[in-house]
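S.K.: Structure, please.
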Amino acid sequence: MEEEDLVKKGFDTKLLGRLMAFLRPYWRWVALSFGLILLTSVVRQAGPYLTKVAVDDYIVTGDLAGLKNIVLLFLALLVAQFFFGYVQSFTAQIVGQWAMRDVRLRIFAHLQRLPLHFFDRTPVGQLMTRTTNDVEALNEFFTRGATALCSDVFTIVTILGYIFYMDVELGLVTCAVLPLATATIFWLHRRTFHSFRRARTRLARFNAHLQETIAGMEVVHLFKCEQRSVDRMGRANDEYLDARLEHTLYHSIYFPFMEVSGLLLTALVLWYGAGEVLQEQAEWGVLVAMLQYVPRFFMPIRDIADGFSTIQMAMASSERIFELFASEPEPEGGNVQLERVQGTIEFSHVWFAYAEEEWVLRDVSFRAESGQSLALVGATGAGKSTIVHLVCRFYEIQRGSILVDGVDIRQWDMGALRRRIGIVPQDVFLFSGDVESNIRLGAPQLSSQEVEDAARHVNADRFIRALPDGYAHAVNERGTSFSTGQRQLLSFARALAAAPDILVLDEATANVDTETEMLIQEAVEKLMRERTSIVIAHRLSTISHADKILVMHRGQVREEGRHEELLAKGGIYYRLHQLQYRET
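M.R.: Residues are numbered from 1 along each chain as shown. Alright, predicted model coming up:
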């Protein structure tokens, strides 16, 4: 569902039901909390009634001994009110925190299962908004909003119960204001409901712009785009402000209106009640109690609007969270699981497009035998990296089939297949932690010695031991404290530590200096002889000894063969070779 569609939707009671389902595992605690809310309301609102009893039964009659008992009972009620309120608040808070823990974990677990094309089209800033701001809005709903709303409703009912018990006519006078108050609350709800959705949507856009700008700060400085970035963020910030101000405008009208209504009701009760007292149709204590109950009666009515606001924020946030949950997870695959694979890879008439009918691969067919080295060359956008993504089943093909060891990859268990593939990308991503944990990423069971052996094979051990803490050296976000070549070596060690049967090198030595490339080339060639390998390369010198070379052009395999065979053909590969070596 698109963001703008969420803004246009009305209040969804089914969505509220789904939201409340998060509390189902803790229903006993929820029931306890609501019971305590009711009990607290009864105890808290007993004060004015005790005042009525004190006035009519003891003050007017001059019974000071009885008045002393009323005062002691009043103090006992204050102690009970404190105790019940404390237990109820604590219960509501822990239930809300438990529910939020479940929501956060469910969101993160669901994100792990989503396919790559979801992240291709969804800005990181929007995802961060859903897992932080939107979850926090749900936290407010569970820990404060729902509890406060129920407490306000119970308080209104309790006060009316006391009033009607004392005087039915004054109770009817008090109830006369309820239709007006209810209409006002729903008026405010209608006016502010969509503003909450717009605010959440625009906040997500703001965060997306913010994340994108921070991630690309080097480019911003390089092209002197600072002011344009500020202007762009300013527009997004103003859009968010407009949505929030709309909500503020209606609330600024609502609360003064409710205060004036409360004063008018007080005046009406004073006029009507005083008349009854003077005509001896009511006691003085009833009037005194009513003058205390009326302000108490309007306080929860006024606060219900805040409860609705919290629900609106939670509804707007829950729509976005449930929309995330509705995203189809990555297919789990079939039941084929093998400890080792031979590594035979076959593409049979494969058609693939990231977007509908915009074909990136067109009727691609080839076969890489077990232990064979397969090189992919061609211009940018020819489909080389896409082939690697499809072998790992990061995306689903539209036509044809891809076989690994003669089995369609759709029949493979996804995790079992990917565990047998090691990838060394051109753009290396390192996680925060330490060097050893990054190398052990794909094989957490490895010992420290095995980690060091993997690093030594690719000559990463040299620079790692030179670090202040060696393999325990801290790695910051994305590994920015390391040079490009060092990150590349760590990526080699990480891939080889997992002992893959299929090795993928995506221009893996492009960012490594000549000396470092020479150091790792021997180890790479040794590993390629022992397993099937796919090499994406722009420098043809790095794949001249490959067993098979595929020349990609506009999503098709245009040429296939060994280095010498392709040069002899005088085709695309020959022209690429001439362009790279024309100076020699």
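
S.K.: Helices of the stretch 51-200 of the chain, start to end?
M.R.: Listed in chain order, the helices of the stretch 51-200 of the chain (DSSP state H, counting those that start in this stretch) span residues 64-113, 116-121, 124-131, 133-140, 146-166, 168-175, 178-215.

S.K.: Save the ones you listed as TSV, and put in mean pLDDT, distance to Phe34 and mean neighbour count too.
M.R.: The C-beta positions use only the backbone N, C-alpha and C, and glycine is treated the same way. Formatted as TSV, the helices of the stretch 51-200 of the chain follow (pLDDT from 0 to 100; distance: least, Cβ to Cβ, whole Å; neighbours: other Cβ atoms under 10 Å):
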stretch	mean pLDDT	distance to Phe34	mean neighbour count
helix 64-113	87	9	15
helix 116-121	80	39	12
helix 124-131	77	29	19
helix 133-140	81	18	20
helix 146-166	86	6	20
helix 168-175	81	24	16
helix 178-215	74	21	18
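
S.K.: now the residue nearest to the spatial centre of the chain: how far from Met20?
M.R.: For the chain, Thr131 is the residue whose C-alpha lies nearest the centre (Cα atoms, centre = their mean; 2.8 Å). Here the distance between Thr131 and Met20 works out to 21 Å (Cβ to Cβ, to the nearest Å).

S.K.: who does the longest helix anywhere in the chain touch, helix- and strand-wise?
M.R.: As assigned by DSSP state H, the longest helix anywhere in the chain is helix 226-278. Other helices and strands packing on helix 226-278, by 3 or more Cβ pairs under 8 Å, 6 or more residues apart in numbering; DSSP states H and E, are helix 168-175, helix 178-215, helix 284-326.

S.K.: out of the ones you listed, nearest to Gly422?
M.R.: Evaluated with Cβ to Cβ, the helices and strands packed on helix 226-278 place helix 178-215 nearest to Gly422, the distance being 27.0 Å.

S.K.: and the angle for that closest one with helix 146-166?
M.R.: Using axes from the mean of the first three to the mean of the last three Cα atoms, to 10 degrees, the inter-axis angle of helix 178-215 relative to helix 146-166 is 170 degrees.

S.K.: mind checking which helix or strand of this protein has the lowest mean pLDDT?
M.R.: helix 3-8 (a mean of 44; mean pLDDT, DSSP states H and E).

S.K.: Can you list the buried residues in whichever helix or strand comes after that helix?
M.R.: Remark: after helix 3-8, the chain's next helix or strand is helix 13-20, criterion DSSP states H and E. Applying a neighbour-count criterion of 16 or more other Cβ atoms under 10 Å, one finds 16, 19 buried in helix 13-20.

S.K.: Can I get helix 13-20 in CSV, CA atoms only?
M.R.: Only the C-alpha atoms of helix 13-20 are listed here, as CSV (Å, rounded to 0.1, in the frame of the first residue of the first chain):
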residue,chain,number,x,y,z
THR,A,13,-11.7,-0.7,13.7
LYS,A,14,-10.3,-3.9,12.4
LEU,A,15,-6.8,-2.3,12.5
LEU,A,16,-7.5,-1.4,16.1
GLY,A,17,-8.3,-5.0,16.8
ARG,A,18,-5.1,-6.2,15.2
LEU,A,19,-3.3,-3.6,17.3
MET,A,20,-4.8,-4.9,20.5
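
S.K.: What's the mean pLDDT across it?
M.R.: On average, the pLDDT along helix 13-20 is 78.

S.K.: what's the answer for stretch 269-289, then?
M.R.: For stretch 269-289, mean pLDDT is 80.

S.K.: What are the buried residues along that stretch?
M.R.: Neighbour-count burial for stretch 269-289 [16+ other Cβ under 10 Å]: 269, 272-273, 276-277, 282-283, 285-289.

S.K.: with these in mind, which one is nearest to Ser385?
M.R.: Distance to Ser385 across the buried residues of stretch 269-289 (Cβ to Cβ) is lowest for Val269, with 76.8 Å.

S.K.: just checking, the closest one touches Cys175?
M.R.: No. Counting by Cβ atoms under 8 Å, Val269 does not reach Cys175; the two are 11.8 Å apart.

S.K.: Identify the residue spatially nearest to the residue nearest to the centre of the chain, adjacent ones excluded.
M.R.: Among residues not flanking Thr131 along the chain, Ile107 sits closest, at 5.3 Å (Cβ to Cβ, 6 or more residues apart in numbering).

S.K.: hang on, Ser348 is in a strand, isn't it?
M.R.: Yes. When DSSP: H, G, I helix; E, B strand; the rest coil is applied, Ser348 is found to be in a strand.

S.K.: who touches it in this structure?
M.R.: 365, 400-403 (Cβ atoms under 8 Å, 6 or more residues apart in numbering).

S.K.: so which strand or helix has Leu376?
M.R.: When the helices and strands are read off by DSSP H and E, the one containing Leu376 is strand 373-378.

S.K.: any idea which of the contacts of Ser348 is the one closest to Glu212?
M.R.: For the contacts of Ser348, the nearest to Glu212 is Ile402 (33.5 Å; Cβ to Cβ).

S.K.: burial of the closest residue in space to the closest one that isn't next to it in sequence, as a residue count?
M.R.: Distance criterion Cβ to Cβ, 6+ apart; nearest residue to Ile402, sequence neighbours excluded, is Ile409 at 4.9 Å. Using other Cβ atoms under 10 Å, Ile409 has 21 other residues around it.

S.K.: does Ile185 really touch Asp303, like I thought?
M.R.: No. Using Cβ under 8 Å, Ile185 makes no contact with Asp303, being 10.5 Å away.

S.K.: if I read this right, Glu346 contacts Val407, doesn't it?
M.R.: No. The criterion here is Cβ under 8 Å, and Glu346 misses it with Val407 at 10.1 Å.

S.K.: thinking again about what came up before, quick one: contacts for the residue nearest to the centre of the chain?
M.R.: 104, 107-108, 111.

S.K.: and if you look at Thr344?
M.R.: Taking Cβ under 8 Å, 6+ apart, one finds 367-370, 403-406, 532 in contact with Thr344.

S.K.: any idea how far Val157 is from Leu36?
M.R.: Distance from Leu36 to Val157, by Cβ to Cβ: 16 Å.

S.K.: Out of the helices of the stretch 51-200 of the chain, which gets nearest to Glu565?
M.R.: Closest among those, using Cβ to Cβ: helix 116-121, at 35.1 Å.

S.K.: C-terminal to the strand holding Leu376, what's the next element?
M.R.: Toward the C-terminus, strand 373-378 is succeeded by helix 384-391 as the next helix or strand (DSSP H and E).

S.K.: which secondary structure elements does that following helix contact?
M.R.: So helix 384-391, by 3+ Cβ pairs under 8 Å, 6+ apart, packs with strand 345-353, strand 359-368, strand 373-378, strand 399-404, strand 502-506, strand 532-536.

S.K.: what does it contact?
M.R.: 116, 345, 347, 350, 352, 360-361, 364, 376-378, 395, 397, 402, 404, 409, 421, 423, 502, 504, 506, 534, 536, 552.

S.K.: let's see 6 Å
M.R.: When contacts are defined by Cβ atoms under 6 Å, 6 or more residues apart in numbering, helix 384-391 is touched by residues 360-361, 376, 378, 395, 402, 504, 536, 552.

S.K.: relative to strand 502-506, how tilted is that helix?
M.R.: 150 degrees.
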